[in-house]
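J.: Structure here, sequence nowhere to be found:
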């Protein structure tokens, strides 16, 4: 794959997966291989696509954070504001561990 073709493929990938007809903007190696083929006419195995991305384009692996679909952001903010401070332990409130009984103060 020439540098010009690689640049062309990178510009296409930067538009996002939805711009190329995929349902989500999540890129997979299979999807990237498909877009490279459409744009440049060059077919690559998905494993080779990763080498192109990593070594020639200096891209890195990124995975989306998983979140529950029924996540209630308002309830989470309320819990963090009211419940978390009440149940959180502070360093000063921690009791000495059992190893502290070997100190001179306990003899």
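T.: Received it, and whenever you're ready, just let me know what you need. As the structure is a prediction and not an experimental result, all values here were calculated from the model. Numbering: from 1, shown residues only.
J.: Isn't residue 42 up against residue 6?
T.: No - at 9.5 Å, residue 42 and residue 6 do not qualify as touching, with contact defined as C-beta atoms under 8 Å. Glycine gets a C-beta too; all of them are placed from N, C-alpha and C.
J.: Between those two, which has more neighbouring residues?
T.: For residue 42 versus residue 6, the count of surrounding residues by other C-beta atoms under 10 Å is larger for residue 6: 16 against 13.
J.: tally of neighbours for residue 53?
T.: Other residues close to residue 53 by other C-beta under 10 Å number 19.
J.: How much space separates it from residue 66?
T.: Distance, residue 53 to residue 66, using C-beta to C-beta, to the nearest Å: 23 Å.
J.: Number of residues surrounding the closest residue to residue 42 other than its chain neighbours?
T.: Nearest-residue entry for residue 42: residue 1, 5.4 Å, with adjacent residues in sequence omitted and distances by C-beta to C-beta, 6 or more residues apart in numbering. For residue 1, the number of neighbouring residues by other C-beta under 10 Å comes to 14.
J.: Following the chain past the host helix or strand of residue 9, name the next helix or strand.
T.: Using DSSP states H and E, residue 9 maps to helix 3-14. Using DSSP H and E, the helix or strand that follows helix 3-14 towards the C-terminus is helix 29-40.
J.: who's in contact with that next one?
T.: Applying C-beta atoms under 8 Å, 6 or more residues apart in numbering, the contact partners of helix 29-40 are 1, 5, 8-9, 12-13, 17, 20, 22, 42-47, 49-50, 52-53.
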